[in-house]
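# I would like to see how this sequence folds:
(chains A, B, C and D)
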Number of protein chains: 2
Amino acid sequence: MNSRNSYHHGDLRRALLDEAALLLREEGEQGLSMRRLAARAGVSRTAPYHHFKDKQDLLCAIAEEGFRRFVGVLTLDGRELSRDRLARFIRDYLQFAIENTEYYDLMFGSHLWKSSHITGTLQKEAHGAFRFYLDQARGWLGQDFVNPDLDPLRYAQVTWSTLHGLSRLLIDGIYLESGAMDPVCEQAASMFWRELTAQPA
Amino acid sequence: MNSRNSYHHGDLRRALLDEAALLLREEGEQGLSMRRLAARAGVSRTAPYHHFKDKQDLLCAIAEEGFRRFVGVLTLDGRELSRDRLARFIRDYLQFAIENTEYYDLMFGSHLWKSSHITGTLQKEAHGAFRFYLDQARGWLGQDFVNPDLDPLRYAQVTWSTLHGLSRLLIDGIYLESGAMDPVCEQAASMFWRELTAQPA
DNA sequence: AGATGTATTTTGACAGTGTCAAGATACCTT
DNA sequence: AAGGTATCTTGACACTGTCAAAATACATCT
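Here you go, the predicted structure:
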């Protein structure tokens, strides 16, 4: 719908999205201002406002792209369940978060979610990502070694919280350093797997 | 050292800290500006700069106060370990995070941690909070029903991540709504307890 | 081809921000 | 009473997001 609009610039919208992500990665959130972004793209200060209603709108669009990449990474391969498969998923999640901080910060940042100026399309994309995970958890429930008493929704919510918490603490370097990723992933995998395969009381 | 300095205002530093927290709670992060804060306290725009070097410095001081309250809440009662005690700890953590968002956002927010302008005293306070939790986990390891193969550091890191992740998702309303807190707490408690009391292989 | 309309970009402006440098004020100590 | 120091104010600067109005370039239709 809006992908080929190349009047004066070429494809300004695309250029803005890329340059913005680059700017975020290089200098962090405070390094990205609409005016600097415009300058980098070689246009005037208010040119971006014809492609994005707001700064928030721009950020939402970047976050959306983040979610698309995210789902692409996490949907890697088949559906067979095993402890190794689970451990790999955990590592993939954390690796994405660490290597794509610019995106992850926006995707799950307070800025966009709290402000209620959040785009509907972003909310859909975000919801789809969780839905994908939840459906996978539901699928596991058929297996005979999986605890039939497990509520897949609660399980998905809590395990996702663990992954998100680990990502945040790793990214911000709070109680975890990225050097210790392997043993931490192992510990998380242990807990995820134990809860999944517990015997019903 | 700097608590009784009441020359012109009374105790401006104290007033600024309180007013800032109030402002954050009422209007969120974007509602707090140094100039508005000064205006609310009835002083000139640059008066706060004689009590806090930076805006960051101010935020760090608020976060510090948050940690002190936090530790006060979490250190509630005795040290006897039980599933109920664990579940209560989880609820207390989440409740603090939800009811004191102004503080929690700063205490574990990217803003302060990423910028490397973070105060040494804040880092100490934050480290102390985790250390307290870790020591508790280490203490549990003596009990006979606790898995002796468990690495208390990894366990503390991953469970804290879960708590932090739950808090963030709850606060920002991402995949969790605060209405569903009880079952989510239960699920988390189940996982924490199961890992803690697992039989060694 | 030329006219019309629409999408895109620019210029100018406004209110707001964090923070620095100089000056003014009030308090404490001697 | 004098001097020094901690506190506060005023003025200024370079930024920021974003609106309104004007200018430009393109697509389309006659």
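# Chain neighbours aside, what residue packs nearest to residue A:190?
Residue nearest to residue A:190 in three dimensions, not counting chain neighbours: residue B:195, with 6.5 Å by C-beta to C-beta, 6 or more residues apart in numbering or on different chains. C-beta coordinates here come from the backbone N, C-alpha and C atoms, glycine included.
# That neighbour and residue B:150 touch, don't they?
Yes: when contacts are counted by C-beta atoms under 8 Å, residue B:195 is listed as touching residue B:150 (7.2 Å).
# Let me see the backbone angles for the nearest residue to residue A:28 once chain neighbours are set aside.
Distance criterion C-beta to C-beta, 6+ apart; nearest residue to residue A:28, sequence neighbours excluded, is residue B:114 at 6.4 Å. Main-chain dihedrals, residue B:114, degrees, to the nearest 10: phi -70, psi -30.
# What's the local residue count around residue A:151?
14 (other C-beta atoms under 10 Å in any protein chain shown).
# How about the one 4 residues further on?
Other residues near residue A:155 number 22, with proximity taken as other C-beta under 10 Å.
# same question, residue A:48
23.
# likewise the one 4 residues further on?
Other residues lying near residue A:52 total 19 when counted by other C-beta under 10 Å.
# again, but for residue A:29
Neighbour tally, residue A:29, other C-beta under 10 Å: 17.
# repeat for residue A:95
So residue A:95, with other C-beta under 10 Å, has 15 neighbours.
# Relative to residue A:167, how far out is it?
Distance of residue A:95 to residue A:167, given as C-beta to C-beta, to the nearest Å: 10 Å.
# again with residue A:103
From residue A:103 to residue A:167 the distance is 12 Å (C-beta to C-beta).
# Domains in chain A, by residue range?
As given by automatic domain parsing, the domain ranges for chain A are A:1-51, A:54-196.
# Please report phi then psi for the closest residue in space to residue A:143 that isn't next to it in sequence.
Nearest non-adjacent residue to residue A:143, counting by C-beta to C-beta, 6+ apart: residue A:81, 6.1 Å away. When read as degrees, to the nearest 10, the backbone of residue A:81 gives phi -100, psi 130.
# With residue A:151 instead?
Main-chain dihedrals, residue A:151, degrees, to the nearest 10: phi -90, psi 110.
# Could you verify my assumption that it touches residue B:187?
Yes: contact status for residue A:151 versus residue B:187: in contact at 7.0 Å, counting by C-beta under 8 Å.
# which stretches of chain A aren't confidently modelled?
Where chain A drops to pLDDT under 70, the residues are A:1-8, A:76-79.
# wait, what's in contact with the residue of it found nearest chain B?
Closest to chain B within chain A is residue A:165: 2.8 Å, counting by C-beta to the nearest C-beta. When contacts are counted by C-beta atoms under 8 Å, 6 or more residues apart in numbering or on different chains, residue A:165 touches B:160, B:161, B:162, B:163, B:164, B:165, B:166, B:168.
# Give the burial count for the spatially closest residue to the fourth one that is not a sequence neighbour, as a bare number.
Nearest non-adjacent residue to residue B:163, counting by C-beta to C-beta, 6+ apart: residue B:93, 4.8 Å away. Other residues within reach of residue B:93 by the criterion other C-beta under 10 Å amount to 24.
# Check residue A:152 too.
Counted with other C-beta under 10 Å, residues neighbouring residue A:152 total 18.
# hang on, it packs against residue A:134?
Yes: using C-beta under 8 Å, residue A:152 makes contact with residue A:134 at a distance of 6.5 Å.
# any shared contact partners between those two?
The contact sets of residue A:152 and residue A:134 do not overlap (C-beta under 8 Å, 6+ apart).
# So the residue of chain A closest to chain B versus residue B:161, what's the distance?
In terms of C-beta to C-beta, residue A:165 sits 3 Å off from residue B:161.
# So which bits of the helix or strand hosting residue A:85 are buried?
Taking DSSP states H and E as the criterion, the element that holds residue A:85 is helix A:83-99. Neighbour-count burial for helix A:83-99 flags A:86, A:87, A:89, A:90, A:91, A:92, A:93, A:94, A:96, A:97 (criterion: 16 or more other C-beta atoms under 10 Å in any protein chain shown).
# Also stretch A:20-36?
Here stretch A:20-36 shows A:20, A:21, A:23, A:24, A:28, A:29, A:32, A:34 as buried, counting by 16+ other C-beta under 10 Å.
# For the helix or strand hosting the third one, what is the distance to the chain centroid?
Secondary-structure element containing residue A:23, defined by DSSP H and E: helix A:12-27. From the chain centre to the centre of helix A:12-27 is a distance of 17 Å (C-alpha atoms, centre = their mean, to the nearest Å).
# how about the helix or strand just after that helix, does it get close to chain B?
As assigned by DSSP H and E, the chain's next helix or strand after helix A:12-27 is helix A:34-41. No: using C-beta under 8 Å from any C-beta of the partner chain, helix A:34-41 never reaches chain B; the gap is at least 15.6 Å.
# what's the closest non-adjacent residue to the residue of chain A most remote from its centre?
Distance to the chain centre peaks in chain A at residue A:201, reaching 35.7 Å (criterion: C-alpha atoms, centre = their mean). Setting aside the residues directly before and after it, residue A:201 is nearest to residue A:149 in space (C-beta to C-beta, 6+ apart), at 7.4 Å.
# That neighbour - how many residues pack around it?
Residues near residue A:149, counting by other C-beta under 10 Å, number 11.
# Let me know the closest of the buried residues of helix A:83-99 to DNA strand C.
Nearest to DNA strand C among the buried residues of helix A:83-99, counting by C-beta to the nearest atom of the strand, is residue A:97 at 28.6 Å.
# OK, contacts around the closest one?
Contacts of residue A:97 (C-beta under 8 Å, 6+ apart): A:104, A:167, A:170, A:171.
# can you pick the most crowded of those?
In terms of neighbour count, residue A:167 stands highest of the contacts of residue A:97 at 24 neighbours, by other C-beta under 10 Å.
# Could you check how far the residue nearest to residue A:143 is from residue A:87?
12 Å.
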